[in-house]
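Asker: Have a look at this prediction, sequence included:
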Amino acid sequence: MMKIGLYGGTFSPPHLGHIRAARCFVEGIGLDKLIIMPAGIPPHKAVLDPISNKHRLEMTKLAFSELGEVSDYEMSKDGASFTYLTLRWLKTQYEGKIYLCMGEDMFLCLDKWREAEEIFSESHIVCLKRENSAYDEVENKKKEFERMYNAEITILTYEPLPVSSTEIREKVKNGEALEDLLSDNVATYIAENRLYL
Ligand code: ATP
């Protein structure tokens, strides 16, 4: 059976932490295909980060060109994009097993997502855990989700790259150097289009 990964995020901008994470998902699970899904930004968040969907989509394509396929499904639909709906759509597009991939911050609150029960029953969850996580919050959550939802969960450990999109947006605004945080093509795109200034 084909193993299809789904990796969503805001990706404003996509950074080397995201790229390293995507590589871990592909290699750790042995995915046949990774679908990268930039989220539609809800209006209340767009005030803080007014970068258009077009720019986020372009940057996401540049960042992940060698790792997967970028989809504009969530961006191009009206209204909020909920993961359970994206999973329903993905099932109409591909035959295979769906692996929903995420970082540990997202994993820890997964039971609060809309229609969490459906998410657990329709996908295999893949969580990236920082190698140096001090305590076993992630393992405890895994056990809880398995017990409560009969969930299928794989935890992959990786060497963390401590970078966030928020940090990058602030650095661009302050004119600080971005070395080692972004792929070169995304850094060039941001500069050429004068984003996040
Ligand atoms: P922001 O700072 O704007 O909140 P972010 O850097 O956290 O953004 P998102 O687009 O929100 O990026 O993240 C998408 C996914 O990537 C989430 O599942 C998140 O857990 C994961 N992720 C974010 N940063 C890293 C990182 N440095 N290493 C591994 N995974 C990451």
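Answerer: Right, received. Where do you want to start? Residues are numbered from 1 along each chain as shown.
Asker: where in this structure is pLDDT low?
Answerer: Within the chain, the stretches with pLDDT under 70 are 42-49, 133-135.
Asker: Does the closest residue to residue 69 other than its chain neighbours fall in a helix, a strand, or a coil region?
Answerer: Nearest non-adjacent residue to residue 69, counting by C-beta to C-beta, 6 or more residues apart in numbering: residue 35, 5.6 Å away. Any C-beta I mention is one placed from the backbone N, CA and C, and that applies to glycine too. Taken by DSSP: H, G, I helix; E, B strand; the rest coil, the conformation at residue 35 corresponds to strand.
Asker: can you give me the strands in this structure?
Answerer: Along the chain, the stretches classed as strands by DSSP state E are 3-9, 33-38, 69-70, 97-103, 124-130, 153-158.
Asker: Pairing partners for the third one, with directions?
Answerer: According to DSSP bridges, strand 69-70 forms sheet pairs with strand 33-38 (parallel).
Asker: Which residues outside the partner strand are in contact with it?
Answerer: Residues from elsewhere that reach strand 33-38 (C-beta atoms under 8 Å, 6 or more residues apart in numbering): 2-11, 22, 25-26, 53, 56-57, 60, 64, 67-75, 86, 90, 94, 101.
Asker: ok so, going back, would you mind giving the strands of the chain as JSON lines with distance to the ligand and mean neighbour count added?
Answerer: Below are the strands of the chain laid out as JSON lines (distance: least, C-beta to the nearest ligand atom, whole Å; neighbours: other C-beta atoms under 10 Å):
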{"stretch": "strand 3-9", "distance to the ligand": "2", "mean neighbour count": "22"}
{"stretch": "strand 33-38", "distance to the ligand": "8", "mean neighbour count": "22"}
{"stretch": "strand 69-70", "distance to the ligand": "13", "mean neighbour count": "18"}
{"stretch": "strand 97-103", "distance to the ligand": "2", "mean neighbour count": "22"}
{"stretch": "strand 124-130", "distance to the ligand": "6", "mean neighbour count": "21"}
{"stretch": "strand 153-158", "distance to the ligand": "7", "mean neighbour count": "16"}
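Asker: can I get those strands in TSV with distance to residue 144?
Answerer: Shown next, in TSV, are the strands of the chain (distance: least, C-beta to C-beta, whole Å):
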stretch	distance to residue 144
strand 3-9	22
strand 33-38	26
strand 69-70	33
strand 97-103	16
strand 124-130	12
strand 153-158	10
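Asker: Residue 177 is nearest to which of those?
Answerer: strand 3-9 (23.8 Å; C-beta to C-beta).
Asker: give me the beta-bridge partners of residue 102?
Answerer: Beta-bridge partners for residue 102, by DSSP bridges, are residue 127.
Asker: can you tell me which residues contact residue 14?
Answerer: 59-60, 62-64, 165, 182-183, 186.
Asker: Among those residues, name the ones in helices.
Answerer: 59-60, 62-63, 165, 186 (DSSP state H).
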